[in-house]
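[1] structure of the sequence below:
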Amino acid sequence: MAIIDVSSAAQLTTALGTTATHGDTVRLAPGTYNAPAGGFLCPKQIEIQGAHNAKSQLVGGSKIVCASANDHGLVIQCQNVSVKDIIVRGPRNAAGDAVGTGNGIHLQTQIRNFNTHSNTTVDNGDTAGFFAGQAVSGSGIPAGAFVSSVTNSTTFVLSAAATSTLTGTPLTFSGGTMTALVLKDCVIWGAGNDGLNGNVGGSLNAILIEDCTIAMNGHHGVYIKDTHAGNLNRVFCHTNKFAGTMLENSSGFNVIGSSWESNWTTAGTTDFDGQVYVKDGWGHYFAGCLWEVSGRICLSISNHDGAHIAGCRFQGADRGIVLRNGSRGTAIAQNSWRTVTTKFDVEGEFTTIGSQRFLERQADPP
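    Below you'll find the model as predicted:
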């Protein structure tokens, strides 16, 4: 497990793509790292470490800059990756700035290098996490091909013969599983699309986002889909064009001490325009969080089972918590409300809310 020091964009590209091996740390010196079109690609199980380990010093630390609103800053293509003490900066500086398709940090399902042989055998790569039926695409791979079977840790069988013989060619595997992703002490600001996009086309398990600021992005601040077992601890999402945080078809998230302010800069007021939007899934827990959202919705929950919201503060909102589309088993207990016009907006035959005794205690402070 080596430490690889870099001080330029070219060195970072080489370290991530070639020099580093699984378990290494790539350490960035202070300075600006202009990402290439598409973003810096990280296909290895490594730690990416910025110049400082103190949050107050991040402004003078290591900064990755997106090439445009349509380009990602950092693309993570592998599981077991940690990103710490890094600024990722897109081109947006104000709520009205142009949006695009580029994410600050983009999680992408499994791009790995393999050898093809003009037959169905694909080898000399890493098959960890692969499964039969997983879609495969890339140079020399027929359209619609998929993993027929996994032979061993380096070889799998393709459903149709490759059309060429290639060495070390990158192949994309959709619908797989990414696990153990850590983002700590980072700032993601001004990307054209999402600050962090965790829609990998498969499952994303065990993600930790901690002590981060995610702001001014052109779509959601944090967008996570099909994720199970995650933590958002002390994350501040503000002035993102749409939701500060969206959790879709996910389960088992602990959201502790996080806050949201002035997201939905388009001033959305529909039932699903919450600063936090929870769509589908089950078992999320919010504790010690703060919503400060002038005239808007704090938390929208749709078709979700078993949420628990306790010890949070809701302030300055048109609506506090909106429950829609059959959300069930939502416990709302011992929160603080200040200048919230409608605390609870509940609709749907199967929508339930926690103990009424808890609700009766939640008065506006003087």
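
[2] is it true that P142 touches A161?
    Yes. Contact status for P142 versus A161: in contact at 7.5 Å, counting by C-beta atoms under 8 Å. C-beta coordinates here come from the backbone N, C-alpha and C atoms, glycine included.

[3] so where is the stretch 201-350 of the chain shaky, pLDDT-wise?
    The stretch 201-350 of the chain contains residues with pLDDT under 70 at 201-203, 267-269, 295, 348-350.

[4] please repeat the previous calculation with a cut-off of 90.
    201-206, 226-229, 264-273, 293-296, 306, 317-318, 324-334, 343-350 (pLDDT under 90).

[5] swap in the stretch 51-200 of the chain?
    51-61, 76-80, 93-98, 107-113, 125-137, 144, 146, 153, 170-181, 198-200.

[6] okay, strands next: where are they in the stretch 251-366 of the chain?
    Secondary structure of the stretch 251-366 of the chain by DSSP state E, counting those that start in this stretch: the strands cover 259-261, 274-282, 285-287, 290-292, 297-302, 308-310, 313-315, 319-324, 331-333, 336-338, 342-346.

[7] one more: the stretch 51-200 of the chain?
    62-65, 74-76, 81-84, 86-89, 105-107, 111-117, 121-123, 135-138, 147-150, 156-158, 165-174, 177-184, 187-189, 196-198.

[8] contact partners of the second one?
    Applying C-beta atoms under 8 Å, 6 or more residues apart in numbering, the external contacts of strand 74-76 come out as 35, 38-42, 48, 64, 83, 86, 88, 104-108, 181.

[9] do the longest one as well
    Residues from elsewhere that reach strand 165-174 (C-beta under 8 Å, 6+ apart): 43, 108-118, 122, 124-125, 130, 134-141, 147, 201-202.

[10] so what's I224 bridging to?
    G198, L247 (DSSP bridges).

[11] quick one: it from A331, how far?
    22 Å (C-beta to C-beta, to the nearest Å).

[12] hang on, L16 in a helix?
    Yes. Counting by DSSP: H, G, I helix; E, B strand; the rest coil, L16 is found in a helix.

[13] that one: neighbour count?
    23 (other C-beta atoms under 10 Å).

[14] residues in contact with it?
    Taking C-beta under 8 Å, 6+ apart as the test, what L16 contacts is V26, F40, L41, C42, P43, K44, I46, I48.

[15] quick one: which of I224 and A331 has more around it?
    Neighbour count, other C-beta under 10 Å: between I224 and A331, I224 has more, with 25 against 15.

[16] thanks again, I'm all set now.
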